[in-house]
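Engineer: what follows is a predicted protein model with its sequence.
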Amino acid sequence: MAETPDHPIAPSDSAASSPTAPVPGGDGGGPVVDRAAAFAAGPPRFPRKVIVLALAAFVVLGLGGAVVDHLFPGPVGAATSTTTGDYPPALSTGPVTAPAPVATAVAQLPARASALMGLQGLSGRQAPPFRLVDQYGRASSLESFRGKVVVVSFFDATCNDICPVLETELAEAYRDLGAEGARVELVTINTDPLALARPAARPADEGAVSTVPGWRFLTGSLAQLGPVWTSYGVSVQVQRNTKTVSHNDLLYFIDPAGRWRSRATPFADESSSGSFSLPRATEAQWAAGIASESKSLLGLGT
């Protein structure tokens, strides 16, 4: 059956009685076409079926993208623990599980200092436990610090980027605490999987760690450190060829009851030569902020 066109072209008056009249000047085999009438009718419309199919395609693509985003969400607010080289595959466990910040008040810091530190309130649930050894070979666990505020940082002996800056800030924060420093435990957990032995991890007489009586530098086996890194949201990477160790930087505040209360994000500026530093005034602000948050968790005014 012949298909009826959407816009039939009207024959000219001269050809109305003879649809098959020859086109003037032609070969006598084609129909007469009234071009003026064709132009007046305008362009042919898209078939309704084509429009419906196009709309359906857009809807399907949109819904499909939403479904994919729901089923396979990208990482949000947490690093991925990835490794290369000598780092044991058993510890490459996928996304780390850093606690998500919640809308709770943190310390009594001025807004400027809080923003500088990236200070965020946490859920207040119990912090993940750990049991490691300090720079003197003594067993240390989170439980053993109960009754004190615990400030937990993560770096290693050979770290030469942000780590020395954070060491300086923590040491100055301890001095800012004065007598209350005895109620605050500074704990740094080793992040170098290539230097796990206690002397290699952190000699007791090196760095700012040695200037603070209560500062513990903790290390252990990979089997012990791996779960701690993961539960505290720390991603450690080792480059295969250079053996370079890198990690993200987080600073946690745990209250005397052993609960996660807040988290800060340390940083430093890198120079063109590859060294890291901060202006002296910024380091002092960080130190004051660490001390202030610690005092707040002890129930003291700042």
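Structural biologist: Nice, thanks for sending it over.
Engineer: what residues are bridge-paired with residue 251?
Structural biologist: Going by DSSP bridges, residue 251 is paired in beta bridges with residue 264.
Engineer: contact partners for it?
Structural biologist: 117, 151-153, 166, 263-266, 290 (C-beta atoms under 8 Å, 6 or more residues apart in numbering). (Glycine included, C-beta is placed from N, CA and C.)
Engineer: confidence score at it?
Structural biologist: Looking at residue 251, its pLDDT stands at 97.
Engineer: ok, now how distant is it from residue 262?
Structural biologist: 9 Å (C-beta to C-beta, to the nearest Å).
Engineer: what about residue 300, which helix or strand?
Structural biologist: Element membership for residue 300, per DSSP states H and E: none, as it lies in no helix or strand.
Engineer: which residue, neighbours along the chain excluded, lies closest to it?
Structural biologist: In this structure, residue 300 finds its nearest non-sequential neighbour in residue 180, 6.8 Å apart by C-beta to C-beta, 6 or more residues apart in numbering.
Engineer: where does the one you found land in three-state SS?
Structural biologist: Secondary structure, DSSP: H, G, I helix; E, B strand; the rest coil: residue 180 is helix.
Engineer: pretty sure it contacts residue 298?
Structural biologist: Yes - using C-beta atoms under 8 Å, residue 180 is in contact with residue 298, at 6.5 Å.
Engineer: ok so, going back, how much space between the residue nearest to residue 300 and residue 290?
Structural biologist: 12 Å.
Engineer: more neighbours: those two, which one.
Structural biologist: Neighbour count, other C-beta atoms under 10 Å: between residue 180 and residue 290, residue 290 has more, with 30 against 15.
Engineer: ok, the more buried one touching residue 175?
Structural biologist: No - the criterion here is C-beta under 8 Å, and residue 290 misses it with residue 175 at 11.0 Å.
Engineer: give me the domain ranges for this protein.
Structural biologist: As given by automatic domain parsing, the domain ranges for the chain are 13-71, 80-297.
Engineer: for the stretch 51-200 of the chain, which spans come out with low pLDDT?
Structural biologist: 51-111, 199-200 (pLDDT under 70).
Engineer: which residues in it form strands?
Structural biologist: For the stretch 51-200 of the chain, strands defined by DSSP state E, counting those that start in this stretch occupy the ranges 80-81, 94-95, 120-121, 131-133, 139-141, 149-154, 184-189.
Engineer: kindly report the same for the stretch 201-302 of the chain.
Structural biologist: 215-218, 236-238, 245-247, 251-254, 260-264, 269-270, 276-277.
Engineer: for residue 139, find the nearest of those strands.
Structural biologist: strand 215-218 (9.8 Å; C-beta to C-beta).
Engineer: and the closest one, what other elements does it pack with?
Structural biologist: helix 163-177, strand 184-189 (3 or more C-beta pairs under 8 Å, 6 or more residues apart in numbering; DSSP states H and E).
Engineer: this completes my enquiry, with thanks.
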